[in-house]
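Asker: Let's see this in three dimensions:
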Amino acid sequence: MKRIVILALAICLGTPLFAGKVSGLVEEFNKVEEFNKNRKVSEAAKKATLEKNLLSALKYSLHRKYLDYKEYTKDLKADSISYEPQKGTFGVYVKYKTYIVFYSYLMDPEIYLQTPINEVFYIRPDNLDEEPHKEDKQPAQPTSGK
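Answerer: Just a heads-up that it's a prediction; the model follows:
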């Protein structure tokens, strides 16, 4: 019994000795990075990654804006949002119910899972498509000194 306890104690104390400075880690990192840069990502995988980024961002945005966020996010799924990437950037316009949001990302959101670095969040007004009402301006009445 003593031997088992001593052996277990030795293993527990010896484990941290393996952590620390090692050589070859930079080369391994560079090899993995090169592999990731050159791998071919299918269109389905790109779409799935983008939608996961957008759903996560929308859920987080609604969570910050509403105390009862679960009520607002219960129908939030990939098929309940519309989105359009901004050409030439890593920005994406997203529409969910009456919310219209622009998210900008640091890297390509179709390839890397990440949170947006910037957000512009609007609630679409119900009367947005109506003609703007011109204010009825009355001409200024001259004041008479009488």
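
Asker: The nearest residue to residue 95 once chain neighbours are set aside sits in which helix or strand?
Answerer: With C-beta to C-beta, 6 or more residues apart in numbering as the criterion, residue 95 has its nearest non-adjacent residue at 4.4 Å, and that residue is residue 82. For every residue, glycine as well, the C-beta is placed using N, CA and C. Using DSSP states H and E, residue 82 maps to strand 81-85.

Asker: Paired strands for that strand, with orientation please.
Answerer: Strands that pair with strand 81-85, judged by DSSP bridges, come out as strand 91-96 (antiparallel).

Asker: for the record, mean pLDDT for the partner strand?
Answerer: Per-region confidence: strand 91-96 scores 97 on mean pLDDT.

Asker: Can you name the next helix or strand after that strand?
Answerer: Downstream of strand 91-96, the first helix or strand assigned by DSSP H and E is strand 99-104.

Asker: how distant is the strand holding residue 82 from the center of its chain?
Answerer: From the chain centre to the centre of strand 81-85 is a distance of 13 Å (C-alpha atoms, centre = their mean, to the nearest Å).
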